[in-house]
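**Q** Sequence and predicted structure below; questions after.
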Amino acid sequence: VFKRFVEIGRVAFISFGPHAGKLVAIVDVIDQNRALVDGPCSGVRRQAMPFKCMQLTDFVLKFPHSARQKCVRLAWEKENINEKWAATRWAKKIEAREKKAKMTDFDRYKVMKAKKMRNRIIKHEMKKLQKMASKKGKKPEKSEKPEKSEKAQKSEKVQKAPKAPKAQK
Amino acid sequence: MAGEKAAGEKKPGEKKPGKKKTDEKKPAEQKASQKEVGEKKKKVKKHHASRNPVLARGIGRYSRSAMYARKALYKRKYTAPETKIEKKKKEKPRATITKPVGGDKNGGSRVVKIRKMPRYYPTEDVPRKLLSHGKKPFCQHKRRLRASITPGTVLILLTGRHRGKRVVFLKQLATGLLLVTGPLVINRVPLRRAHQKFVIATSTKVDITGVKIPKHLTDAYFKKKRLRKPKHQEGEIFDTEKEKYEITEQRKSDQKAVDSQILARIKKVPQLRGYLRSTFCLSNGVYPHKLVF
């Protein structure tokens, strides 16, 4: 039922408070509500932090309890937590949300145009497939397969277009 | 004291011309007598010592008015010679003018006062108004411009017949209104004035350096013209006023002149033309306070 546990070395994401958005490693447990926490590679000083503001991630580091900051840093860098975190979907979603909030009016227009174009292409392909299906009825699936691969190619192209304006902005 | 000093200074001054005149080695007495004569002929008598004996330092025996009498200033009044400017100033403005009068046996003209006496004196005088400060007329008001609005910014008009349209800002006019253009071919907004308060400034900017805006585009150029000639007072007063606004040739030529420069710069930015053609609108889930413009 539960997959992520509070343990020594668990990397947690701080959701609110002064250090919102940073990653932290649990060094020790103080009592039922608080943990001693340290984030040498994310700019969080060693301090007590309530569990409430922490959200557990999938990463666990290996160091003994109450290890000093140097050890925590070594373990962190050995595991390359920063890069691994940036590769997770969680971090990517956060980044996408931030970018969306920062979009200017012009960017919104560009995204709208790109989305429109993409949807048009997809619709076009869908219609084609539907037409094929309705016309030929129980024909073999060979004719459908090349259409699907074409559609995948085109949708990839269009995905690059909206991503580019989003990234550029 | 001062008088004494002056007298002392004058003496050596006098000595020199005296010496130059005679240019001979004469006894001092003769010199003194000659000097006196020379002095009397040319200049004022020897200065009197102070007529106000000193009681203590800074305090004299006699008052100001007593001194006036003692020094006989009542018969010593000097004025500076009248300068040309003062002479000119003395020229009074014309008080009356002769005007021709028509009609028979009227004597051809009348002498009319230029500045007449008031024809009405109110029973109660108008009370003096309290002094106020800082109340300036509109023409002297300070014009401010938001920092987010710079030449070339794309603005979103919020009011007027062009509401929702995205428009390029050119410059701020003397009354504080913003001069703005569509450009016309893109969204049918001509060279127009917009109010700063009814405009959203986006962060999108068109590079307008080097664009020359004609100098005659001022507030007077854009002001609405109203014909007011109530002399006729006929039943059909509305005919004289322009019901239909006609676009003058000058407006067209100005529009072309400005737009041609701006369109060239708009073309350089991808998708900007389409952006200016579109209108701004809110939909579900879109909250202006959360949007970054």
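**A** Received it, and whenever you're ready, just let me know what you need. Numbers count the residues shown, from 1 in each chain, chains lettered A, B, ... in the order given.

**Q** How many residues are close by the residue nearest to residue A:105 when sequence neighbours are not counted?
**A** Once flanking residues are discounted, residue A:105 sits nearest to residue B:202: 4.6 Å by Cβ to Cβ, 6 or more residues apart in numbering or on different chains. Placement of C-beta: from N, CA and C, glycine included. By other Cβ atoms under 10 Å in any protein chain shown, the residues close to residue B:202 number 20.

**Q** how far away is residue B:202 from residue B:168?
**A** Noted for residue B:202: a distance of 11 Å to residue B:168, by Cβ to Cβ, to the nearest Å.

**Q** Common neighbours of these two, please.
**A** B:153, B:154, B:155 (Cβ atoms under 8 Å, 6 or more residues apart in numbering or on different chains).

**Q** Residues in a beta bridge with the last one, which ones?
**A** In this structure, residue B:155 bridges to residue B:167, residue B:201 when assessed by DSSP bridges.

**Q** quick one: contacts for it?
**A** With Cβ under 8 Å, 6+ apart, residue B:155 has these contacts: B:149, B:166, B:167, B:168, B:169, B:178, B:180, B:194, B:199, B:200, B:201, B:202.

**Q** Contacts only, for the last one.
**A** Listed by Cβ under 8 Å, 6+ apart, the contact set of residue B:202 reads A:104, A:105, A:106, B:153, B:154, B:155, B:156, B:166, B:293.

**Q** In this structure the last one contacts residue B:158, no?
**A** No - under the criterion of Cβ atoms under 8 Å, residue B:293 makes no contact with residue B:158, lying 11.9 Å away.

**Q** who touches both of these two?
**A** residue B:200.

**Q** Straight-line length of stretch B:177-192, end to end?
**A** The first and last residues of stretch B:177-192 sit 10 Å apart, counting by Cα to Cα, to the nearest Å.

**Q** Nearest to residue B:50 among the contacts of residue B:202?
**A** Set against residue B:50, the nearest of the contacts of residue B:202 by Cβ to Cβ is residue B:153 (78.3 Å).

**Q** Give the closest residue to the closest one in space, chain neighbours not counted.
**A** With Cβ to Cβ, 6+ apart as the criterion, residue B:153 has its nearest non-adjacent residue at 4.7 Å, and that residue is residue B:169.

**Q** residues in contact with the helix or strand harbouring that neighbour?
**A** If you go by DSSP states H and E, residue B:169 is part of strand B:166-172. With Cβ under 8 Å, 6+ apart as the contact definition, strand B:166-172 has outside contacts at A:105, B:143, B:145, B:149-157, B:178-183, B:187, B:189, B:191, B:194, B:196, B:201-202, B:206, B:208, B:211, B:213, B:258, B:262, B:266, B:275-276, B:278-280.

**Q** quick one: buried residues of it?
**A** B:166, B:167, B:168, B:169, B:170, B:172 (16 or more other Cβ atoms under 10 Å in any protein chain shown).

**Q** Enumerate the residues of chain A near chain B.
**A** Chain A comes close to chain B at residues A:101, A:102, A:103, A:104, A:105, A:106, A:109, A:110, A:113, as judged by Cβ under 8 Å from any Cβ of the partner chain.

**Q** Let's see that with 10 Å instead.
**A** Taking Cβ under 10 Å from any Cβ of the partner chain as the measure of proximity, chain A contacts chain B at A:100-110, A:112-114, A:165.

**Q** Which of these are buried, as a PyMOL select command?
**A** Here is the PyMOL command that selects only those of the residues of chain A next to chain B that count as buried (16+ other Cβ under 10 Å):
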select buried, chain A and resi 103+104+105+106+107+108+109+110+113+114+165
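
**Q** Farthest-apart pair in the residues of chain A next to chain B, please.
**A** Farthest pair in the residues of chain A next to chain B (Cβ to Cβ) is A:101 and A:113. Separation: 20.1 Å.

**Q** Tell me how many other residues surround the nearest residue to residue B:205 once chain neighbours are set aside.
**A** Once flanking residues are discounted, residue B:205 sits nearest to residue B:152: 4.8 Å by Cβ to Cβ, 6+ apart. For residue B:152, the count of nearby residues is 17 (other Cβ under 10 Å).

**Q** if I pick residue B:152, what's in contact with it?
**A** B:168, B:169, B:170, B:204, B:205, B:206, B:207, B:208, B:209, B:211, B:262, B:265 (Cβ atoms under 10 Å, 6 or more residues apart in numbering or on different chains).

**Q** and of those residues, the nearest to chain A?
**A** Nearest to chain A among these, counting by Cβ to the nearest Cβ, is residue B:204 at 4.3 Å.

**Q** so the closest one sits in a helix?
**A** No - secondary structure assignment places residue B:204 outside any helix; it is strand (DSSP: H, G, I helix; E, B strand; the rest coil).

**Q** Report pLDDT for it.
**A** Model confidence at residue B:204, given as pLDDT, is 94.

**Q** which residues in chain B form helices?
**A** Assigned by DSSP state H, the helices in chain B fall at B:2-22, B:28-42, B:64-70, B:84-90, B:184-187, B:219-222, B:249-268, B:272-277.

**Q** quick one: which of these has the weakest pLDDT on average?
**A** When the helices of chain B are compared by mean pLDDT, helix B:2-22 comes last with a mean of 46.

**Q** hmm, back to that, neighbour-wise, give me the winner out of the contacts of residue B:152.
**A** With neighbours defined as other Cβ under 10 Å, the most crowded of the contacts of residue B:152 is residue B:168; it has 29 neighbours.

**Q** Would you check how far apart residue A:26 and residue A:45 are?
**A** For residue A:26, the distance to residue A:45 under the criterion Cβ to Cβ works out to 15 Å.

**Q** now the end-to-end length of stretch B:61-73.
**A** Stretch B:61-73 has its terminal residues 18 Å apart, counting by Cα to Cα.
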